[in-house]
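Colleague: curious how this folds, go ahead:
(2 chains)
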Amino acid sequence: MAADLELSAPPRRGSIAIRRPRRRRTGMVWFLGPAVALLVVFSLYPLITLIRMAFSDVGPTNLLSGWHWVGFHNFGPVLSSAEFWGSLKTTVYFTAGVTVVDLALGFVFASWLSYRSLDARFVQALMVFVWALPSAVVGNIWRFLFADNGFVNKLLGEVGLGAVNWLGSAQLSIWTVSLIACWASLPLSVVLFRAALLNIPTELLDAAAVDGASRWQTRVRIVLPLLRPTFLILTILNMMYGFRSFDYIYVVTHGGPGTTTTTLPYLSYRDAFIKFDFGRGAVEAILSMIMVAALGLAYLRASRKEA
Amino acid sequence: MASSLATRRRAAVSVHDRQGVGPRIGRVIIFLLYGIPLLWVLATSFKPESAILKNPSGLTFTPTLAQYRGVVGQVWPAMLNSLQIGIGTTVLTLAVAVPASYALARRRNRVWARIIAVTLGLLIVLQMVPQAMTIMPLYSILAQWHLTNTIFGIVLATSAMVLPFAILLIRPFFLGVPVELEEAATMDGASIWSVFARVVMPLARNGIITVAIMIFMQSWGELLYGTTFLSKPDAYPVGAMLALQTTLYGTEWGHLMALGVLITLPVLVLFIFSQRRLMQGMLSGAVK
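Modeller: Next comes the predicted model:
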């Protein structure tokens, strides 16, 4: 690290060289300044305000000024409420669904797509296009397809199965929303897996083939271990994605039926913006952010190890 | 040596080109999973509402543009709002992110190296903060500055949201520009700004364009800021407008699907021109 810095420092040669670094440094401040200003005002300050809010007594009457510091007073009711723990459980289910499906199908789909044929390229392009769709569009597409008399139930009827109450059932709805989130996020996993698969040196697979390994053996013994870093990074990325998920729940179920699809971000949003209990919403936001941050730390470690 | 080359060639054939039926069938499955829902939505948007009411999954109907005629008056203002938000966010974000990425890619001295380390850490932390979490304090800031109910307020909030992503994605492109090139230009008497604008920035063009496209796509469909910071539905961008339909006319499917198709069209056009870049952006955005 130190040696690296020494190397990149400008060489000192004569009086011009002494003046140059200083001029450059001030120049760099102007390059970086606007970005830092924007972030401090619209990202960092709101974050700090959120933390203050969690430790204050804030309601609709004193939202703009006059907050009383109440310490951990807001945390008690949240931590002792069944709703918080229920929505933590919902979030974990949702996240687990997204992570497992994205990893498993991501790997399988990527193996199907890691060929240089025209149809492989077309199918991958189709997936990337879906990834780029606005979440409100994706949410409404699936609300339509999962409707009681919608396309999915019609297909089930065609093969002789009964209709399923995809979004109205208390047990099923969270998995349905999780499936919708999978559909939209799977393309990212596939693109990452596919790149990793194409990065495997052909010599390696060749050597295995020469030694008489079957396709299946090669896949399990050689390919999977080589993809370990990709699996690791995607696990954490998907878990963070799951813990942050808000859009599909907002568009598709509004947290219902009841509170069965109310994940932590949605709970925090609802308590603050619909129930106007800002302190409570802030506490819930902070608690779930701590969980995201823990995952984020794990992600940083994993990606550093890989690089 | 010669024999190893020969086997290598054979391996390349067996791995990449000679495929069994498995992958082919697999790709058909993926197409069914991703193509059919989109085609279904497209078909429904050309279906008369009466036919949808009778049977939402019916396949026989006379195609009509009635749905599109019905939504065009409503979707047009929303698309104009979203276009302003999309362009505004892309321009503002790039205007601050590109110079910042460059500054963060050049360790001039010890102090600056520290500043870089701290800023990068801050960016990573801020990138992890879920959008729904800071919406309350953000709302009160915008309210104090009388920026709620304005497109500019949304642009500011969205830009701040995508800025860490933009910087972290553009910075590697500047890291790849050799410092010698800049030094040569400086020797010739160019100022730091003209070195940046004339020498360095053109070399990072690929990264900048990729990020621009991704930011535009994201801000075009942005949902939460639109619904929260704007109180008049006629000022809504497309994401918020579509989410509002959900609560008001939940069952007018044809109407909803026609809206969805129209909102998607600009994304499709952009996608057609930038598919490869988008894929690169996905890769570098995730692995940094």
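Colleague: for stretch A:196-216, buried residues please.
Modeller: A:Ala196, A:Leu197, A:Thr202, A:Leu205, A:Asp206, A:Ala207, A:Ala208, A:Ala209, A:Ala213 (16 or more other C-beta atoms under 10 Å in any protein chain shown). From N, CA and C alone the C-beta is placed, and that goes for glycine too.
Colleague: A:Gly139: which of those is nearest?
Modeller: Nearest to A:Gly139, judged by C-beta to C-beta, of these is A:Ala196 at 29.9 Å.
Colleague: grab the nearest non-local neighbour of the closest one.
Modeller: A:Thr230 (4.3 Å; C-beta to C-beta, 6 or more residues apart in numbering or on different chains).
Colleague: over to B:Leu268?
Modeller: Closest to B:Leu268 by C-beta to C-beta, 6+ apart is A:Phe129, at 7.1 Å.
Colleague: burial measure for the one you found, as a count.
Modeller: A:Phe129 sits with 19 neighbouring residues when counted by other C-beta atoms under 10 Å in any protein chain shown.
Colleague: that one should be in a helix, yeah?
Modeller: Yes: according to DSSP: H, G, I helix; E, B strand; the rest coil, A:Phe129 belongs to a helix.
Colleague: please tell me how far it sits from B:Met279.
Modeller: Distance from A:Phe129 to B:Met279, counting by C-beta to C-beta, to the nearest Å: 11 Å.
Colleague: B:Arg107 now?
Modeller: In terms of C-beta to C-beta, B:Arg107 sits 31 Å off from B:Met279.
Colleague: which positions in the stretch 201-307 of chain A make contact with chain B?
Modeller: A:202-203, A:205-206, A:209-210, A:233-234, A:237, A:240, A:243-244, A:246-247, A:250-252, A:254, A:265-266, A:268-269, A:272-273, A:278, A:281-282, A:285-286, A:288-289, A:292-293, A:296, A:300, A:303, A:306-307 (C-beta under 8 Å from any C-beta of the partner chain).
Colleague: which residues sit in contact with the residue of the stretch 151-288 of chain B found nearest chain A?
Modeller: Minimum separation of the stretch 151-288 of chain B from chain A (C-beta to the nearest C-beta) falls at B:Gly221, amounting to 2.4 Å. Listed by C-beta atoms under 8 Å, 6 or more residues apart in numbering or on different chains, the contact partners of B:Gly221 are A:Leu133, A:Pro134, A:Ser135, A:Ala136, A:Val137, B:Ser82, B:Val238, B:Gly239, B:Ile263, B:Val267.
Colleague: out of those residues, which sit inside helices?
Modeller: Per DSSP state H, helices hold the following members of those: A:Ser135, A:Ala136, A:Val137, B:Ser82, B:Val238, B:Gly239, B:Ile263, B:Val267.
Colleague: just curious, which of these is nearest to B:Ile29?
Modeller: Distances from B:Ile29 to the ones in helices among the contacts of B:Gly221, taken by C-beta to C-beta, are shortest for A:Val137, at 23.1 Å.
Colleague: unless I'm mixing things up, that closest one is touching B:Thr264, no?
Modeller: Yes: if you go by C-beta atoms under 8 Å, A:Val137 and B:Thr264 touch, sitting 5.7 Å apart.
Colleague: does residue 112 belong to a helix or a strand, and which?
Modeller: Just going to use chain A. helix A:82-113 (DSSP states H and E).
Colleague: wrong chain, I was asking about chain B
Modeller: Using DSSP H and E, B:Trp112 falls in helix B:110-128.
Colleague: same check, this time on B:Ile36
Modeller: B:Ile36 belongs to helix B:21-45, assigned by DSSP H and E.
Colleague: tell me what that helix is packed against?
Modeller: Here helix B:21-45 touches helix A:82-113, helix A:118-132, helix A:135-145, helix B:253-287, going by 3 or more C-beta pairs under 8 Å, 6 or more residues apart in numbering or on different chains; DSSP states H and E.
Colleague: now do the contacts for the closest residue to A:Val223 other than its chain neighbours.
Modeller: Spatial nearest neighbour of A:Val223, chain neighbours left out: A:Ile200 (6.5 Å); criterion: C-beta to C-beta, 6+ apart. Contacts of A:Ile200 were listed using C-beta under 8 Å, 6+ apart, and they are A:Ile222, A:Val223, A:Leu226.
Colleague: about what we covered before: quick check: angle from the helix holding A:Trp112 to helix A:118-132?
Modeller: 160 degrees (axes from the mean of the first three to the mean of the last three C-alpha atoms, to 10 degrees).
Colleague: mind listing what's buried along helix A:82-113?
Modeller: Those would be A:84, A:87-88, A:90-95, A:97-99, A:101-103, A:105-107, A:109-113, for helix A:82-113 by 16+ other C-beta under 10 Å.
Colleague: now stretch B:152-164
Modeller: Buried residues in stretch B:152-164 (16+ other C-beta under 10 Å): B:Gly153, B:Ile154, B:Val155, B:Leu156, B:Ala157, B:Thr158, B:Ser159, B:Ala160, B:Met161, B:Val162, B:Leu163, B:Pro164.
Colleague: mind checking the pLDDT average for whichever strand or helix holds the third one?
Modeller: This means B:Val155. Using DSSP H and E, B:Val155 falls within helix B:151-175. The pLDDT scores in helix B:151-175 average 92.
Colleague: how big is the angle separating it from helix B:110-128?
Modeller: Using the same axes, to 10 degrees: helix B:151-175 against helix B:110-128 is 130 degrees.
Colleague: helix B:151-175 near chain A anywhere?
Modeller: Yes: with C-beta under 8 Å from any C-beta as the criterion, chain A is reached by helix B:151-175 at B:Leu156, B:Ala157, B:Ser159, B:Ala160, B:Met161, B:Leu163, B:Pro164, B:Ile167.
Colleague: what is the burial count for whichever residue of chain A sits closest to chain B?
Modeller: Proximity of chain A to chain B (C-beta to the nearest C-beta) peaks at A:Pro134, 2.4 Å away. Neighbour count for A:Pro134, taken as other C-beta under 10 Å: 26.
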